[in-house]
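In: below is the sequence, then the predicted model.
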Amino acid sequence: MRFRNCVRCSKYIGWVGLAANFALMLMNLFIGLVAGSQALVVGSMYSLKDMATSVFVIVGVTVGRKPLDREHPYGHGKIEFLMSLVFGIVLLFLASFLLYHAIDTLLHAERNVAPRLVAVWAAFVSVLAYTYTFYYASCVATESNSPIVRMMARHHHSDAVAAGVAGLGIIGAHLFDLPWVDTVVAFFEALDLTLLGIKVFWDSCKGLLDRSLDPGMRTMIRKIAEDTEGVKEVKALKTRLTGHQIWSDLIIGVDAELTVEEAHVICERVRARIVERLRHVGSLSVDAEICEREIEKNRDLSARWRAANLAVSETGAVVKS
C-alpha cells in the first residue's frame, strides 16, 4: 500500500460501512413507511444489503489476511470469494421478493399513492452518504486489491444512483400527479439488485475456480520479464487470483551458455522487477530454461551432424566394396 493510512482504512472500512448503512437503513425505512414511499423502503433494503456486505468485509479482511500455515499453504484469500458467493445468493432471493412486491403493486392501481415530500430529503441525504462511502471504499479497494471491498464500492455506487432516482421519482409523482412513478422506481431498483446479485455470484464463482489475471495484467508481466537483461523470451506464464493476492508461475528463456548461477541471478532480477512494479503479489515463481532459439539451433546442428556421419559411413561402405 502506498500510504501509511491505507492500512488503517483497510482495517476499519467494514466498520465504517456497517455504521453508516445501519443509520441509513433506519432513516429510509422509517421515513419510507411514514411518507408512503415504496422506492424509499426498497432503498432501505439497499442499506440492509450493504450492512451484510460490511460484515463480510470485516470477516474477509480479518481472515483473508492471515499468514500462511501448514493447513493453508496457499493462504486464506478465498474466504472473500466464498463469502461473496453466499452473499450473491442471499441478494438474489431478496431482490426477487422486492421485484415481486413492486410488480404486484403496479398491477393494483388502488395501491399507488404519491408519497409525501419529506421522503425527498431522506433521498438527498442518502445520495450524499453513499457518494462519500463509494469514494472511500474505492480508494481502499484500489490499495488493498480486495474483491469484497471492491464489491462494497460497487454497491455504494449503485445505492447512490438508486437514491437519486428515488428522489426524482418522488418529485415527479407530485409535479405530474403520477403516484405510480414511485412504484416504477422501486421496480427498477429491485431489478438493479437482481442484476447486481447475478454479477456478484458469477464473479465469486470465477474467483473460486482460480480465475486468471486479465489480459492487460498478463501482458504487463510478460513485458517486464522480456525487458529484463539476460531474458531472451517468456516461455510460459500462469497466473491466478487468490483473494486479493496475485499468484504467478513464470518460465523465462535464457542463453544455453549461461551457468546455473547466472540463470538464477536473472530469475531473481525478473522477480524483483515484477514485485516492484505490481502490488499485491502473494507468490511469484520464476524459473529459467534454454530459450527455444538455442534449442532449435542445437537441434539443427545435431541433425546436420547425424547426416554428415551417415554420408561418411555410406561413402566408406562403397569404397570398401
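Out: Here it is on my side, so go on. Quantities reported herein were computed from a predicted structural model and do not represent experimental measurements. Residues are numbered from 1 along each chain as shown.

In: wait, is G282 part of a strand?
Out: Yes - using DSSP: H, G, I helix; E, B strand; the rest coil, the secondary structure at G282 is a strand.

In: for it, give its distance to H157.
Out: From G282 across to H157, the span is 28 Å (Cβ to Cβ, to the nearest Å). Glycine gets a C-beta too; all of them are placed from N, C-alpha and C.

In: wait, what's in contact with the closest residue to M45 other than its chain neighbours?
Out: When the adjacent residues along the chain are set aside, M45 lies closest to L98, with 6.1 Å between them (Cβ to Cβ, 6 or more residues apart in numbering). Taking Cβ atoms under 8 Å, 6 or more residues apart in numbering as the criterion, L98 is in contact with 42, 45, 186, 189-190, 193.

In: on the three-state scheme, D287 is what?
Out: Recorded secondary structure, D287: strand (three-state DSSP).

In: can you start the count at 7 instead of 1 from here on
Out: Fine by me, first position is 7 from now on; the one you just mentioned is D293.

In: pLDDT score assigned to it?
Out: For D293, the pLDDT comes out at 90.

In: again with T225
Out: Listed pLDDT for T225 reads 89.

In: and what of R310?
Out: Listed pLDDT for R310 reads 69.

In: for this protein, which spans come out with low pLDDT?
Out: When residues are selected by pLDDT under 70, those of the chain lie in 7-17, 66-86, 114-121, 151-154, 215-217, 248-250, 306-312, 314-327.

In: longest helix in it, by number of residues?
Out: Of all the elements of type helix in the chain, the one with the most residues (DSSP state H) is helix 10-41.

In: what's the following helix or strand after that helix?
Out: Following helix 10-41 in sequence order, the next helix or strand is helix 44-70 (DSSP states H and E).

In: what's that next one packed up against?
Out: If you count contacts as 3 or more Cβ pairs under 8 Å, 6 or more residues apart in numbering; DSSP states H and E, helix 44-70 packs onto helix 10-41, helix 84-113, helix 124-150, helix 153-181, helix 186-214.

In: what's the most buried one of those helices?
Out: Scoring those by mean neighbour count under mean count of other Cβ atoms under 10 Å gives helix 153-181 as the most buried, with a mean of 22.

In: what's the angle from that one to helix 186-214?
Out: Between the axis of helix 153-181 and that of helix 186-214 there is an angle of 170 degrees, by axes from the mean of the first three to the mean of the last three Cα atoms, to 10 degrees.

In: which neighbouring elements make contact with helix 153-181?
Out: Under the contact definition 3+ Cβ pairs under 8 Å, 6+ apart, helix 153-181 sits against helix 10-41, helix 44-70, helix 84-113, helix 124-150, helix 186-214.

In: who are the contact partners of the spatially closest residue to L32 that is not a sequence neighbour?
Out: Residue nearest to L32 in three dimensions, not counting chain neighbours: S50, with 7.9 Å by Cβ to Cβ, 6+ apart. S50 is in contact with 30-35, 38, counting by Cβ under 8 Å, 6+ apart.
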